[in-house]
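S.K.: This is the structure alone, sequence omitted:
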Ligand SMILES: [Zn+2]
């Protein structure tokens, strides 16, 4: 394996909730009451689980009707190593189950005691309900072979309705190992040794910071490594006056775009050692590096910028980099 | 009607990175730049003369929101270009470019796709396209669904242990990118000695409700093929996009393909999101290099091949431009 680029663990997470709508919300509410429902299309087909429209015609579906609770396995696949998020902890089958009275099938888990020899297409199954139900497809814990359930579960329908479900949790969590790529890795490695390395486009000679996989003007890799200075000119700035959680300092403080000498792209950083009101376009600044022991492959190796004491640069010198 | 009624449009060049199991050295722009540059060079087209750029990629695959924006540097978007993107396999980006070229005001387009499946858990990433109410809370993933489809085909007597084993082995993971140049009429003739004319292209989708589908047949492939004009004349070569062995059986049936008269190269471990576009590119390459007169390319997307695209390519345009 090639290790030219940096890698890091990364979790993508969206903590969404979803509105369910009248058809799905009603079905989920029925599950909470230990009932299985379908909906009838105008052609007389019974869809379970229900959809909001007939997939064949696009028409609205009719009133809900009870289906099941028994059904038949129409196809299945074996999961030898269940994961924590699966409904059954021991080896089980995913199956499409066509509930009695329905014309379509529902996907769910079938628990056959951990033995793949007990699952087959055509197997009659019944639902096993969770003790605590919240209005979710998981209120139905799984299906089990019908002969088993007849002995272990009383198949009665709840008489009271707890009503439809309006919202449901719908979070996403995905884990990645992200990579920085060759060019960004070169840039990050250099920062750990107090060097700032850009990439020069061989065609237009612009120096990109960080280096880029391709020059957006020329369409060729801007990868000729070019070291730039750790001092430069403020091209623009922003004074932060409102406190927020991730703020590096108590406000007010200034965030600046610095065009380092030798580079054609400004980098974004902080400036200290000057009153925020005195920060200005054209101001000359130099990098303040962290102590050597704290250096790492990150732009945070530069603690902040401070005024260099040089006279301001002319507007013309930064005009093309705004 | 999806056959070429007005302007004859052709694939004039194709380039792809060799699929790598895991590529830690290339980020978005670094994947895209070499294939776009190579496809343009093969066609002898200056990128300043490209009329339209369209790409296919998936942010979930890379785990980076707006990943496709990062990739744009690879096509040199400055000064500003006409550009569009689909969060899908590049084959659907090619469809959009084909539609765009039919508008009549531009003559060339570049289509590219890039994918890095190695960064995350691909079956879990693919699960993000499942029904959020009925399937996502169960933690079922795309490979398990492929298992359901394979078993349905076994039960129907059309598959066996080999196909079940193919699912158990799991999906092959790889990273890569590909690019295609499209051109119209005389421009296509100028850019390629033997353009691969798109005689028909269409894509169709089936219901999102898995349990409402006949998993042993691909009605969307069949319909797309009909509208692309795939029936009536056997292609010399057919490039099918299938991740598992049973999917090939379903596709050959839907497309009416006969291995005796049509060469059907075995599927390769092509990168997710790129694989469909490479089918179009490789099918076109066989016409460009003169080793086939007619070629069929297929791309698929979604759980149990929910959505399918079929393209018929030919060495001769149907209509005079
Ligand atoms: Zn350049």
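M.R.: Received the coordinates, thanks. These numbers were taken from a predicted model, which means no experiment stands behind them.
S.K.: what's the longest helix in chain B?
M.R.: helix B:28-43 (DSSP state H).
S.K.: for the chain, where's the lowest mean pLDDT among helices and strands?
M.R.: In the absence of a named chain, this looks at chain A. helix A:146-152 (a mean of 65; mean pLDDT, DSSP states H and E).
S.K.: my bad, the chain I had in mind was chain B
M.R.: Least-confident helix or strand in chain B using mean pLDDT, DSSP H and E: helix B:122-127, a mean of 89.
S.K.: so where is the stretch 1-150 of chain A shaky, pLDDT-wise?
M.R.: Residues of the stretch 1-150 of chain A meeting the criterion pLDDT under 70: A:1-4, A:148-150.
S.K.: so what's the residue in the stretch 101-250 of chain B positioned nearest to the ion bridging to?
M.R.: Closest residue of the stretch 101-250 of chain B to the ion, Cβ to the ion: residue B:110 (18.4 Å). All C-beta atoms are positioned from the backbone trio N, CA, C, and that covers glycine. The residues listed as beta-bridge partners of residue B:110 by DSSP bridges are residue B:53, residue B:181.
S.K.: Near chain A, which residues of the stretch 151-300 of chain B are found?
M.R.: B:151-152, B:155, B:167, B:206-212, B:215 (Cβ under 8 Å from any Cβ of the partner chain).
S.K.: My read is that residue B:318 contacts residue B:197, right?
M.R.: Yes: with contact defined as Cβ atoms under 8 Å, residue B:318 reaches residue B:197; the gap is 7.2 Å.
S.K.: Looking at those two, which is more packed in?
M.R.: Neighbour count, other Cβ atoms under 10 Å in any protein chain shown: between residue B:318 and residue B:197, residue B:197 has more, with 24 against 15.
S.K.: so the more buried one sits in a strand?
M.R.: Yes: assessed by DSSP: H, G, I helix; E, B strand; the rest coil, residue B:197 belongs to a strand.
S.K.: Please name the residues that touch it.
M.R.: Neighbouring residues of residue B:197 by Cβ atoms under 8 Å, 6 or more residues apart in numbering or on different chains: B:4, B:8-10, B:188, B:313-318.
S.K.: Please list the members of these that lie in helices.
M.R.: Taking DSSP H, the ones among the contacts of residue B:197 that sit in helices are residue B:188.
S.K.: Would you mind checking the contacts of residue B:197 for buried ones?
M.R.: Among the contacts of residue B:197, those buried by neighbour count (16 or more other Cβ atoms under 10 Å in any protein chain shown) are B:4, B:8-10, B:188, B:313-315, B:317.
S.K.: domains for chain B, by residue range?
M.R.: B:2-120+B:172-191, B:122-169, B:196-314 (automatic domain parsing).
S.K.: partners of the nearest residue to residue A:207 once chain neighbours are set aside in the sheet?
M.R.: Spatial nearest neighbour of residue A:207, excluding adjacent residues (Cβ to Cβ, 6 or more residues apart in numbering or on different chains): residue A:198 at 4.4 Å. Taking DSSP bridges as the rule, residue A:198 bridges to residue A:226.
S.K.: thought residue A:198 was touching residue A:266?
M.R.: No: counting by Cβ under 8 Å, residue A:198 does not reach residue A:266; the two are 11.5 Å apart.
S.K.: what touches both of these two?
M.R.: Shared contacts of residue A:198 and residue A:266, counting by Cβ under 8 Å, 6+ apart, come down to residue A:209.
S.K.: Just want to know which of the two has more residues nearby.
M.R.: Higher neighbour count among residue A:198 and residue A:266: residue A:198, with 27 against 20, using other Cβ under 10 Å.
S.K.: List the contacts of the more buried one.
M.R.: A:187, A:207-211, A:225-228, A:262-263, A:265.
S.K.: which residues sit in contact with the most centrally placed residue in chain B?
M.R.: Geometric centre of chain B, nearest residue: residue B:276, 1.9 Å, by Cα atoms, centre = their mean. Each residue near residue B:276 by Cβ under 8 Å, 6+ apart is listed here: B:56, B:89-92, B:113, B:241, B:298-301, B:309.
S.K.: and it, helix, strand or coil?
M.R.: helix.
S.K.: Next, find the distance separating whatever residue of chain B ends up closest to the ion from residue B:36.
M.R.: The ion sits closest to residue B:76 of chain B, with a gap of 8.2 Å, by Cβ to the ion. According to Cβ to Cβ, to the nearest Å, residue B:76 stands 9 Å off from residue B:36.
S.K.: Same drill for these two, tell me which one is more crowded.
M.R.: Using other Cβ under 10 Å as the criterion, residue B:76 and residue B:36 rank with residue B:36 on top: 30 against 24.
S.K.: Now the more buried one: closest residue in space that isn't a chain neighbour?
M.R.: Per Cβ to Cβ, 6+ apart, closest to residue B:36 is residue B:179, 4.7 Å.
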